[in-house]
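# When you get a sec, could you give me coordinates for this:
(chains A and B)
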Amino acid sequence: MLRLWVNRLPCQGLVGYPLLINSLKLRRPWNSLLTYMSIYSEILNRTGEGRLFPLPPLVPPARGNAPRHMYVSPEINELCNTGPWESTAWMSRCMVLRAALDRFTQGGVIPVASRPLSGAKHSYMRQLFRWREEVWEIRSLDQPGIRVLGRFADTDIFVALTWHKRADLAGPQSRQWRDAIVGCKTIWRNLFPSYPPKTGGSNAYPTDYVSGNTILV
Amino acid sequence: MRIRRTTSQGTQFLSETLAAEVIPEPKLAYFRARLSNRLHELVLATFLRAEKQDGLTRAELAKRVGRGPEQISRWFASPGNWEIATVSDLLLGMGYEPALSAIDLREDASPELGEDVSLASLNLAAANDPAIQPFSGLLGPTPSPTAAGALG
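Numbering: from 1, shown residues only, chains lettered A, B, ... in the order given. The predicted model follows:
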């Protein structure tokens, strides 16, 4: 833990916090700094470093503020924001995905898969099994189907980390799915080594993750 | 008072879309998907209200529209195979029909406001987090997330 902070603070200084570092050195021993950080400031740091990107909806919600927030990895930012895309058809497909991601940040009602799963196989959002791994998928069902995997940093704050074409993931128990989940967790650990994702209790599912406007299917 | 709905990225996206002589196919695709999602949300929100106020169940709704409960579950899960008739049937089954109106997107495409609501909200959350109050300076200048994307 201590080594981690020694490594990372100089990077923060490079993006504009030199005074902070000086003041921290004067005021606090290194090992007491850990208590005073939070996942929020870590997300801000990652966005400053270009390792995460905020993804507000392209057409902002009518109530003025996005009630939910999404941060995406560079690869997802490329996919649904900056490109490049290999063809106009693929770009159009990615825009349908962007509309799906914007649905989360718009704050409207979203269908979330029950735990354990009920009969509905195509809910908008689903916590992947095993639940304790805290990996979620957002499903974009147009062809080719796309799955975006990520984790909740806190209630209503989703960090989307990887994406896959559904056809590449094969069946539900496949090695490809396992690799996708492990890959998502690995990226999270690289971004937030000191912070686990948001965890939820079974009694408050899914409101521990999404505070309102959900329907279980 | 109308609340202006803008972010820097959203503003540029809208203004480029509205200014285009021919709207590019990807942007058409975005708005088609957005409409589909919004109709889906409308039906789900209406059902949640009817469920709370009137005790309507999915089984009762299924019966009223002449479908099986599993079809209602599929429809609620995703708008993938919806048709306009689906929206009409489901809302009528709950005792509603949609109120339609069109909003002028040009009002939202003004470049006046440019704050990224997502980062601004996170800054606020971080600033209000008691765990980091002693070092609130860490939040300092909001890091620039990215240049506006190719989509605007």
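
# Regarding the residue nearest to the spatial centre of chain A, what is its secondary structure?
With distances taken as Cα atoms, centre = their mean, the residue of chain A nearest its centroid is A:V159 (1.2 Å). Counting by DSSP: H, G, I helix; E, B strand; the rest coil, the backbone at A:V159 sits in strand.

# what residue ranges in chain B score low on pLDDT?
B:1-10, B:110-152 (pLDDT under 70).

# do the same with chain A
A:1-36, A:63-66, A:118-120.

# try 50
Applying pLDDT under 50 to chain A flags the ranges A:1-35.

# all helices of it, in order?
For chain A, the helices defined by DSSP state H cover A:2-14, A:18-27, A:30-33, A:39-48, A:74-77, A:88-106, A:175-191.

# Next: chain B.
Under DSSP H, chain B gives helices at B:8-19, B:25-54, B:58-64, B:69-77, B:84-93, B:117-128.

# Can you check which of those gets nearest to A:G212?
helix B:25-54 (10.1 Å; Cβ to Cβ). Quick note: C-beta positions are derived from backbone N, CA and C, even for glycine.

# Is there contact, residue-wise, from that closest one to chain A?
Yes. Contact of helix B:25-54 with chain A (Cβ under 8 Å from any Cβ of the partner chain) involves B:25-34, B:37-38, B:41, B:44-45, B:47-48.

# Separate out the buried members of those residues.
Among the residues of helix B:25-54 next to chain A, those classed as buried by 16 or more other Cβ atoms under 10 Å in any protein chain shown are B:26-27, B:29-31, B:33-34, B:37-38, B:41, B:44, B:47.

# ok, back up a step: go ahead and confirm the residue nearest to the centre of chain A touches A:L149.
No. A:V159 lies out of contact with A:L149 (Cβ atoms under 8 Å); the separation is 10.2 Å.

# Give me the nearest residue to B:S88, chain neighbours excluded.
Nearest non-adjacent residue to B:S88, counting by Cβ to Cβ, 6 or more residues apart in numbering or on different chains: B:E97, 7.2 Å away.

# Now do that neighbour against A:G201, distance only.
For B:E97, the distance to A:G201 equals 39 Å [Cβ to Cβ, to the nearest Å].

# Then B:A85?
For B:A85, the distance to A:G201 - Cβ to Cβ - is 41 Å.

# Closest residue of chain A to chain B?
A:G48 (2.8 Å; Cβ to the nearest Cβ).

# Isn't B:F13 up against A:P60?
No. Taking contacts as Cβ under 8 Å, B:F13 lies outside contact range of A:P60: 10.1 Å.

# Mutual contacts of these two, please.
Both B:F13 and A:P60 lack any common contact, where contact means Cβ atoms under 8 Å, 6 or more residues apart in numbering or on different chains.

# contacting residues for A:G171?
A:W177.

# Any idea what A:V159 is bridged to?
A:Y71, A:R151 (DSSP bridges).

# Distance check, it against A:F53.
11 Å.

# between these two, what contacts are shared?
Common neighbours of A:V159 and A:F53 (Cβ under 8 Å, 6+ apart) are A:71-72.

# Nearest residue to A:V96 in space, ignoring adjacent ones along the chain?
Per Cβ to Cβ, 6+ apart, closest to A:V96 is B:A33, 4.3 Å.

# ok, now which ones touch the one you found?
By Cβ under 8 Å, 6+ apart, the residues touching B:A33 are A:95-96, A:99-100, A:142.

# try A:I43
So A:I43 contacts A:52, A:71, A:153, A:157, A:159, B:122 (Cβ under 8 Å, 6+ apart).

# before we move on, back to that, can you add distance to A:H122 and give the helices of chain B back as JSON lines?
Below are the helices of chain B laid out as JSON lines (distance: least, Cβ to Cβ, whole Å):
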{"stretch": "helix B:8-19", "distance to A:H122": "28"}
{"stretch": "helix B:25-54", "distance to A:H122": "12"}
{"stretch": "helix B:58-64", "distance to A:H122": "16"}
{"stretch": "helix B:69-77", "distance to A:H122": "5"}
{"stretch": "helix B:84-93", "distance to A:H122": "14"}
{"stretch": "helix B:117-128", "distance to A:H122": "27"}
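
# buried sites along stretch B:16-27?
Buried-residue list, stretch B:16-27, by 16+ other Cβ under 10 Å: B:17, B:24, B:26-27.
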